[in-house]
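1. 3D model of this:
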Amino acid sequence: MLNLSSHEPFAIGGRRACYVAPDAPDQCVKVLRADRSTRARLSGNSWVPAAWRRAYDNNADEQHALESLQRRLGPGITSQHLPLCHGVCATDLGPGLRLDLIRDPDGAISRDLRHHARAGARAAEFRPAFEAFGAWLLEHRVMTRVLHDHNLVAQKQAGGGWRLVLIDGIGDRAWIPLRRWVAPAARRAVRQRLATGWPRIEERFARAAQPAADSAPSVPTSPA
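-> Below is the predicted model of the structure:
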């Protein structure tokens, strides 16, 4: 059993906390947060009370999606833009999902696009990486949920540039995922995700830059 409670998570999401695996620094362990409901979320204003919604295990869903892709594509192709799944392990915080931990060449944990936006980076810097990521999704018909800036990690490349890795929101939310088995429908769904994903990321970068612009002096200055 892994002891995680004596360690600080390096990231905390809406439903899960992420820890560096104590026995493998190149892996992370995701555990469900005890302070959050495990009931399924519904889009929009649903009349269904939370107590009536089905239990939803984010780890089990992600494990199924990643292992299915690893069987279909092989580890080499899967790992180009997704972390590899290494199964479930026992921890003192409950079952943990073991995944590849994405690190930069200097060993630092790679940060998501939201972090880079808040750090003052520009969206255009990551556009080539997003286009490469999108081409990969289309070529291999990899289904995703809505593409958010906090679910895409940007890994620095030794030769310059970035590689994007999707760390959450993998798979098709449909109860009967017909699009997964019909190639034209799958590619159409991927194109829709990409068409809305990049504008959403650009908007996040623009919003992150706005406070700095608002706090700038009122005298004319050159654009940042």
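
2. next SSE after the longest strand along the chain?
-> Secondary structure of the chain per DSSP state E: the longest strand is strand 24-32. Next in sequence after strand 24-32, counting helices and strands by DSSP states H and E, comes helix 58-73.

3. Now whichever helix or strand comes after that following helix: buried residues?
-> Toward the C-terminus, helix 58-73 is succeeded by helix 75-78 as the next helix or strand (DSSP H and E). The neighbour-count check on helix 75-78 (16 or more other C-beta atoms under 10 Å) flags 77, 78 as buried. Where C-beta positions appear, they are placed from N, C-alpha and C, glycine not excepted.

4. starting at the chain centroid, how far to the helix or strand that helix 75-78 is followed by?
-> Counting by DSSP H and E, the next helix or strand C-terminal to helix 75-78 is strand 85-89. Between the mean C-alpha location of strand 85-89 and the chain-wide mean there is a distance of 17 Å, by C-alpha atoms, centre = their mean, to the nearest Å.

5. going forward can the numbers begin at 22, since that is how I track them
-> In the new numbering, first residue 22, that becomes strand 106-110.

6. Okay, the nearest residue to residue 164 once chain neighbours are set aside and residue 55: tell me how far apart.
-> Ranked by C-beta to C-beta, 6 or more residues apart in numbering and with sequence neighbours excluded, the top spatial neighbour of residue 164 is residue 193, at 4.1 Å. With distances taken as C-beta to C-beta, to the nearest Å, residue 193 is found 28 Å from residue 55.

7. what do you get for residue 224?
-> Residue 224 is 33 Å from residue 55, by C-beta to C-beta.

8. Those two: who's more crowded?
-> Neighbour totals were compared for residue 224 and residue 55, and residue 224 leads with 13 against 9 (other C-beta atoms under 10 Å).

9. Walk me through the domains of this protein.
-> Using automatic domain parsing, the domain parsing of the chain gives 31-58+77-122, 124-231.

10. gap between the two ends of the longest one?
-> Taking C-alpha to C-alpha, to the nearest Å, domain 124-231 runs 29 Å from one end to the other.

11. what's the distance between it and the middle of its chain?
-> Its chain's C-alpha centre and that of domain 124-231 lie 8 Å apart, by C-alpha atoms, centre = their mean.

12. One more: the shortest one?
-> Between the mean C-alpha location of domain 31-58+77-122 and the chain-wide mean there is a distance of 11 Å, by C-alpha atoms, centre = their mean.

13. what's the distance between residue 212 and residue 149?
-> 18 Å.

14. residues contacting the closest residue to residue 146 other than its chain neighbours?
-> In space, residue 146 comes closest to residue 183 once its chain neighbours are excluded; the distance is 7.4 Å by C-beta to C-beta, 6+ apart. Counting by C-beta atoms under 8 Å, 6 or more residues apart in numbering, residue 183 touches 146, 147, 149, 150, 175, 176, 177.
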